[in-house]
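Asker: Fold the following for me, if possible:
(chains A, B, C and D)
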Number of protein chains: 4
Amino acid sequence: MRFGSDNWAGASDKVMQALVAANADLVPAYGADALTARLERRMSDLFEREVAILLVATGTAANSLATTGFCPPHGAIVAHQSAHLANDECGAPEFFGSNKLITLPGARARIDPAALDALLARPQRGVHHVVPSVLTLTQATELGTVYSAAEVAVLSELAKSKGLTVHMDGARLANAIATLQCSPADITWKAGVDVLSFGATKGGCLIAEAIVMFDPSHAERFGYLRKRSGQLVSKHRALSAQFDAWLDEGHWLDLARHANAMATRLAAGIERSNAARINWLPEANELFVYLGDEVAARMKAAGGQFYSWDADGLATADLPGPGETLYRFVTSFRTTADEVDGFLSELG
Amino acid sequence: MRFGSDNWAGASDKVMQALVAANADLVPAYGADALTARLERRMSDLFEREVAILLVATGTAANSLATTGFCPPHGAIVAHQSAHLANDECGAPEFFGSNKLITLPGARARIDPAALDALLARPQRGVHHVVPSVLTLTQATELGTVYSAAEVAVLSELAKSKGLTVHMDGARLANAIATLQCSPADITWKAGVDVLSFGATKGGCLIAEAIVMFDPSHAERFGYLRKRSGQLVSKHRALSAQFDAWLDEGHWLDLARHANAMATRLAAGIERSNAARINWLPEANELFVYLGDEVAARMKAAGGQFYSWDADGLATADLPGPGETLYRFVTSFRTTADEVDGFLSELG
Amino acid sequence: MRFGSDNWAGASDKVMQALVAANADLVPAYGADALTARLERRMSDLFEREVAILLVATGTAANSLATTGFCPPHGAIVAHQSAHLANDECGAPEFFGSNKLITLPGARARIDPAALDALLARPQRGVHHVVPSVLTLTQATELGTVYSAAEVAVLSELAKSKGLTVHMDGARLANAIATLQCSPADITWKAGVDVLSFGATKGGCLIAEAIVMFDPSHAERFGYLRKRSGQLVSKHRALSAQFDAWLDEGHWLDLARHANAMATRLAAGIERSNAARINWLPEANELFVYLGDEVAARMKAAGGQFYSWDADGLATADLPGPGETLYRFVTSFRTTADEVDGFLSELG
Amino acid sequence: MRFGSDNWAGASDKVMQALVAANADLVPAYGADALTARLERRMSDLFEREVAILLVATGTAANSLATTGFCPPHGAIVAHQSAHLANDECGAPEFFGSNKLITLPGARARIDPAALDALLARPQRGVHHVVPSVLTLTQATELGTVYSAAEVAVLSELAKSKGLTVHMDGARLANAIATLQCSPADITWKAGVDVLSFGATKGGCLIAEAIVMFDPSHAERFGYLRKRSGQLVSKHRALSAQFDAWLDEGHWLDLARHANAMATRLAAGIERSNAARINWLPEANELFVYLGDEVAARMKAAGGQFYSWDADGLATADLPGPGETLYRFVTSFRTTADEVDGFLSELG
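Answerer: Here you go, the predicted structure:
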């Protein structure tokens, strides 16, 4: 009944074994090791083109570096109003780059192309105004939905026609790809993404986040940005080993498919229940459930762990009704069918 | 013959076992877990007073947050001219706090109290000049020496008499304490240190650095600073588990004593050798060796791994002679007597 | 027919004469002069309490320093979505303090108290979220309206009950006070304002902006912030002389009353015209006029100078209709009745 | 007897008349006026090539923007250890760009080419170390000396061979050119300078500083940097009018020659005196005088105004002797021969 966060799970057994194995011996620090080199090759294979990667310790760091690193001082970062980067990272982008964020609306956490178009259609009015310079898309979104490759492409094209760099916050990219059943290339650079925060932590590692640059020519200066921001981990193989094992033989997608299936199982049960309701089906590993206050209290008393969701920015049709609150349920590779079923049985 | 860095060693077996054990189960993220709570209590016990701790992913982050977090915008951070924070962190303090660094001389990487006194004796001349606000001491120093508790106290008292906060960069604090045979309290807050970067990575963890605040009242705002700088690790127990095991039953000091002993063994061998020389004995786990170019080439060809040291800032008497270069040799908990002896035997 | 900006007018004759007079002789630099001291006393008299002032060169600098100077790194600045600071200063607050801005709606550029209440009522959810720390109010607003003292007090009280500092952007404070016929104290600190950007440039000086601190204890650290941001003018009396003359014998209010009267005269004429329309009467020196495209083109051809206004953020009822654009007309102390009447006559 | 600073003088009569004349009428704001356009052409003529200019309110802003604007986040600014930018601007470069400053020695405030060469000869050692990116030269220097065009060229060539941008802090460029009797082009871009802080304030304006870009392609992004840092003066003609008049018909050099002549006159008198001594002749408008404590007290009692100079960084031969202090005497266009002679007569 523990649906608080996919950050509550540790690493998968396979990832932990790789980490233990990588711990042996002395190897050069700061990424000059064979495991990191192997991971770089694996990433290039995975994305079907040469990429450069920078491993960092947190998703916040990945997002902040990847966006502000492409934003001039007078540029702005354009994000959905529900984006993690805009709401849940304590102003990290403003710290890393002193850049302004511009937020856009869009149904269920996906940026509305018309809103982006309207923003970018505004004539640039000189030095008094920041210049939209980076577009960031969250995949899967904060509301458990996903962008199709076509939807990413539409937004990317709008952005690129005005010279913006396109960033994808892929803290849950694995879950999105498991749903979309597309290739990593299709949903990223083939759809116009220039730089990706590729998160492995939520999906089954302990600490492993990558900035993936589809144009490797930026890697050198990002190497300095990473060091200067305190994100260059000295015993770097500790990150590489996890990420490498996670990507090995489709392990990452196996884990994501399981997590997604658990969210779907939970959704199906709730649809059958009279004690709760949902407005949209999960497309990744997050489910948003409307619970009356009494039911919520009862489920918490029974050991249910889940958090309320700030309704700010939801469409009117998605706002909780009177006496209701919207809760987020997150599943992970560790969630079991028994845990889901136990919750549903308790819910009634 | 691998003396490149103590960052080349992985974690100790005990630390790895704790990490694996901590991986089981689902536990709350971001530090709200039992292991983190236990570590906090352990730290307070270790330092013989209530402390607050913030775990971060790198020593650079620990140093930058801990210094700039106590420095007003117009303040300056005072460091030895060889300090890691001043030379080897790519301008991280300038990034984290937009603060100026003022560097001071001092024999073998220890700040000269007279130089600090002279700096602080200068009358504050109004808004045109930055105000020295934080003193940072490196323990053990970048040249493998240590400050005695009395030496720390002298510098701290000078600093505090002018209102500065005193920070200690303890990336190798374990090695210093193993040498000094003092208590952690003696060499930190009892000697005037307000905030400590306590590094466990070099000493036997994979990724585990702590900011230790001897005045816990600053912990809340530092919590925000940590998050905002992308240093709040989501699966936080991964850091706590390592640090906790490392501190358990004096393990950290055992590891440090071994590393120090290997440096001492290497020094003793070099003192007996005619092929190399040293100017000062190691007081921690770093040894600085003068090698003629031919000998250096020969040892590298034989598999020796060690890096040259920038002579900038060395006292005249410590400068390498003609045809000589100064090299840094670093030992770790993983260094074996065989590896040391093999090197010495090859050196001749 | 020149209604582009009140920044198009130079200084009043009285102000220029004072500047010329102040130019004589050698006097100490950086504010250590008698004129600056006199201005400080005059400001304290004007505001009926001891204040500290810092003169700077631009309104952007005044706003950025005054807000970020009271905002911790993890704090947010709360502003109306049309605020100059949020839209027209190229991200200056994000630069000065790396702080996030949170914007709120409200009819005709005045913050809706309910929106502020809702923002501040949200429970603080820990380190992942910035903390609203400074509220900034624009007086007169960007849409030529003013807050009454009671309206300021309502917003200030909400803000202060949550620990926020209250800032007023008074680039056109003179125009607001001329309309409100209140004392400077009534509309600032007596209504809860802690720090004021008091602009004299638009109102009849060349370069003269003041940060007025109602709690002088912050003045010392702001002195450093000013210097460090390149805002401490060396020949400082040049600023003081202007501001001092502008405040002398009610000159500033005379100028503001004239500018306001010209806006009112223009509004009255437009209300009588069939060729244009307004939705709200000017309360300061800015008038917002809806013009059909043909009329606008005709008036520009006839020499009319005025700019379109970005309709973003206007209430639905205030949006321009089809074939219409909203234009901003700004009057100044230099605007003549003839110029207004000439425009109206041409408009028909 | 007022030798405290050239910032104590106001503007020259010609400059003030131009400012008054420019005040008439309504003209567009923010630099879109005819006077600013005229100044731009005049500057291009003066420097014998097309330049772009950005006027700002202070020399600190000019220096900070001009250096950090050419410095990547991980870059360092290289300055003489006595540079104003490094010592007297309260950490402004660190604020504007979060960049590290590296300071170099050199006799009497001129950077020693050997020191620069040694710095730049160091191999770049990867991401742990900042990269020297901008060289800044002060002309005239903080010790009243000047670089010859050949000396500037030597330093510039060293810098450019390693890819650095060369900046000149010309707060007293007029005084240097008056001494060197060279063209502005000769001492700037023809000697390798890429960007210049051209100060008119100290030399006879009230508030007028220019960033002169010898490669105008950077002007657009600097326009944003200027606005974002609160340095775009709204009634911009107020700056242009001063600068334009100051440059008109060699007025600026007439003023500088007078100021320099007064320093030379003072130096000559002191050389004849037994009550004081100098070590080097002034090459601009600053004179450094060694005074015994009794003499200094006597001269101050007699109304002499002058400040002591921080001896830090002086060559051993230039350090004050026992019972002596080094004082800086600054002359300006307003200094009269009578004032100089009066001082000398009093000195005896």
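
Asker: what separates the residue in the stretch 51-200 of chain A that chain D sits nearest to from C:S5, distance-wise?
Answerer: Chain D sits closest to A:H74 of the stretch 51-200 of chain A, with a gap of 3.5 Å, by C-beta to the nearest C-beta. The way it works is simple: take the backbone N, C-alpha and C, and place the C-beta from them, glycine included. A:H74 sits 22 Å away from C:S5, taking C-beta to C-beta, to the nearest Å as the criterion.

Asker: of the two, who's got more company?
Answerer: Higher neighbour count among A:H74 and C:S5: A:H74, with 26 against 21, using other C-beta atoms under 10 Å in any protein chain shown.

Asker: Could you pull up the residues touching that one?
Answerer: By C-beta atoms under 8 Å, 6 or more residues apart in numbering or on different chains, the contact set of A:H74 is A:127, A:130-131, C:90-91, D:221, D:224-225, D:227-228.

Asker: For the stretch 201-348 of chain A, which residues are neighbours of chain D?
Answerer: Within the stretch 201-348 of chain A, the positions adjacent to chain D are A:221, A:223-228, A:232 by C-beta under 8 Å from any C-beta of the partner chain.

Asker: Distance of the residue nearest to A:N99 when sequence neighbours are not counted relative to D:V127?
Answerer: Excluding its sequence neighbours, the residue lying closest to A:N99 (C-beta to C-beta, 6 or more residues apart in numbering or on different chains) is A:C71, at 4.9 Å. A:C71 sits 20 Å away from D:V127, taking C-beta to C-beta as the criterion.

Asker: more crowded one of those two?
Answerer: Between A:C71 and D:V127, A:C71 has the larger neighbour count (other C-beta under 10 Å), namely 25 against 22.

Asker: Pretty sure that one sits in a strand.
Answerer: No. Read with DSSP: H, G, I helix; E, B strand; the rest coil, A:C71 is coil and lies in no strand.

Asker: Need phi/psi at it.
Answerer: Here is the backbone geometry of A:C71 (degrees, to the nearest 10): phi -120, psi 120.

Asker: can you check A:L326 too?
Answerer: phi -90, psi 130.

Asker: how about the residues of the stretch 101-250 of chain A that lie near chain B?
Answerer: Counting by C-beta under 8 Å from any C-beta, the residues of the stretch 101-250 of chain A that sit close to chain B are A:201-202, A:206-207, A:224, A:227-235, A:237-238.

Asker: cutoff 7 Å now
Answerer: Selection of the stretch 101-250 of chain A residues close to chain B by C-beta under 7 Å from any C-beta of the partner chain yields A:201, A:206-207, A:224, A:227-235, A:238.

Asker: What about those residues, which are in helices?
Answerer: A:201, A:224, A:227-228, A:238 (DSSP state H).

Asker: Could you export the residues you listed as a markdown table, including neighbour count?
Answerer: Putting these into a markdown table (neighbours: other C-beta atoms under 10 Å in any protein chain shown) gives the following:
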| residue | neighbour count |
| --- | --- |
| A:T201 | 27 |
| A:Y224 | 22 |
| A:K227 | 26 |
| A:R228 | 28 |
| A:A238 | 25 |
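
Asker: any idea which of those is the one closest to A:I111?
Answerer: Comparing those against A:I111 with C-beta to C-beta places A:T201 closest, at 24.4 Å.

Asker: Would you check that the closest one makes contact with A:I207?
Answerer: Yes. In this structure, A:T201 is within contact of A:I207 by C-beta atoms under 7 Å, at 6.2 Å.

Asker: got any residues that touch both of the two?
Answerer: Between them, A:T201 and A:I207 share these contacting residues under C-beta atoms under 7 Å, 6 or more residues apart in numbering or on different chains: B:K235.

Asker: which stretches of the stretch 101-250 of chain A form strands?
Answerer: Taking DSSP state E, counting those that start in this stretch, the strands of the stretch 101-250 of chain A run over residues A:131-138, A:165-170, A:195-199, A:209-213.

Asker: Within the sheet, what are the partner strands of the helix or strand containing A:V78, with directions?
Answerer: In this structure, A:V78 sits in strand A:75-80 according to DSSP states H and E. With DSSP bridges as the test, strand A:75-80 is paired with strand A:100-104 (parallel), strand A:131-138 (parallel).

Asker: Next, the angle from that strand to strand A:165-170.
Answerer: Relative orientation of strand A:75-80 versus strand A:165-170 (axes from the mean of the first three to the mean of the last three C-alpha atoms, to 10 degrees): 40 degrees.

Asker: Next up, the contacts around the closest residue to A:V56 other than its chain neighbours.
Answerer: With sequence-adjacent residues excluded and distances taken as C-beta to C-beta, 6+ apart, A:V56 is closest to A:Q231, at 4.2 Å. The contact partners of A:Q231, by C-beta under 7 Å, 6+ apart, come to A:56-57, A:61, B:58, B:230.

Asker: ok, so of the residues you listed, who is nearest B:G250?
Answerer: Nearest to B:G250 out of the contacts of A:Q231 is B:T58 (C-beta to C-beta; 25.4 Å).
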